[in-house]
Structures are given as C-alpha cells and as structure tokens.
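Participant: Here's a sequence, model it:
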Amino acid sequence: MHFLKTLFWVVLAVAVVLFSSANWNPVTLNLWGGLQADVKLPVLILAAFLLGFVPTFAYFRTRLWTLHRRLGNYERQAKLDTQASALSAPAAPAPVSGDEEGPVI
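Facilitator: The predicted structure is shown next:
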C-alpha cells in the first residue's frame, strides 16, 4: 500500500513539472490603481489553489480536532460511569438454606 501511495505522489509530481514547464509564460495581472504584475502562470495557479485550499483545510482540521476532543470527553465520562456503577453495585445476598427458619409473623 505504501508503494501505491508513493507511486501516486511521484506521478502527480511529474505531471505538475510537465505542466509547469510547458506553460512557463508570464501573465499580466491588472491590480488596483493602474498597477500591473507579471507572474508566471504555474505560480498564479498554485497561488489560486492555495487561496482556496488552505482556509478550507484549516476549518475542517479544527472541526476534526474539536470532535476528537468531544469524543475523548465522552469516552472518559463513560469509563468513569462504568467504574462508578461497578463500585456501587450491591453485593449479592447469601443464599438461604432450608435449615434456618425465618421470623414467624
């Protein structure tokens, strides 16, 4: 399985390098106030990808972290509840033999 993961990343890296080398052209960005910036196309694509990916990734990782914390709290509470119920369970009464007589009413 590790081989397949490594193979996937190698193929992806080769594809990115081939795309970048074939499209290494400057792109002019018109900024505010008449400013212009010349940026290479692969750099612009990477920046746009990261602009959309990083906030989403950060949001979902913090959400996952919060859920793991809550689950840990619930597991700890369940463990404490089972320990408390085991300690507070009454002892089983001793069996009554037929030789002993109970109180007469």
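Participant: what are the ranges of the helices in the chain?
Facilitator: Using DSSP state H, the helices of the chain run over 2-22, 41-88.
Participant: Minimum distance to Thr28: which of these has it?
Facilitator: Among the helices of the chain, helix 41-88 comes nearest to Thr28, with 10.5 Å by C-beta to C-beta. From N, CA and C alone the C-beta is placed, and that goes for glycine too.
Participant: Quick one: list the elements packing against that closest one.
Facilitator: The criterion is 3 or more C-beta pairs under 8 Å, 6 or more residues apart in numbering; DSSP states H and E, and the helices and strands that helix 41-88 contacts are helix 2-22, strand 26-30.
Participant: mind checking how far Ala37 is from Met1?
Facilitator: Distance of Ala37 to Met1, computed by C-beta to C-beta, to the nearest Å: 44 Å.
Participant: Next, the contact list for the closest residue to Asn25 other than its chain neighbours, please.
Facilitator: Counting by C-beta to C-beta, 6 or more residues apart in numbering, Leu41 is the residue found nearest to Asn25 once chain neighbours are left out, at 5.3 Å. By C-beta atoms under 8 Å, 6 or more residues apart in numbering, the contact set of Leu41 is Asn23, Trp24, Asn25, Pro26, Val27.
Participant: May I see the helices of the chain organised as JSON lines, with mean pLDDT and distance to Leu31 added?
Facilitator: Below are those laid out as JSON lines (pLDDT from 0 to 100; distance: least, C-beta to C-beta, whole Å):
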{"stretch": "helix 2-22", "mean pLDDT": "95", "distance to Leu31": "23"}
{"stretch": "helix 41-88", "mean pLDDT": "93", "distance to Leu31": "13"}
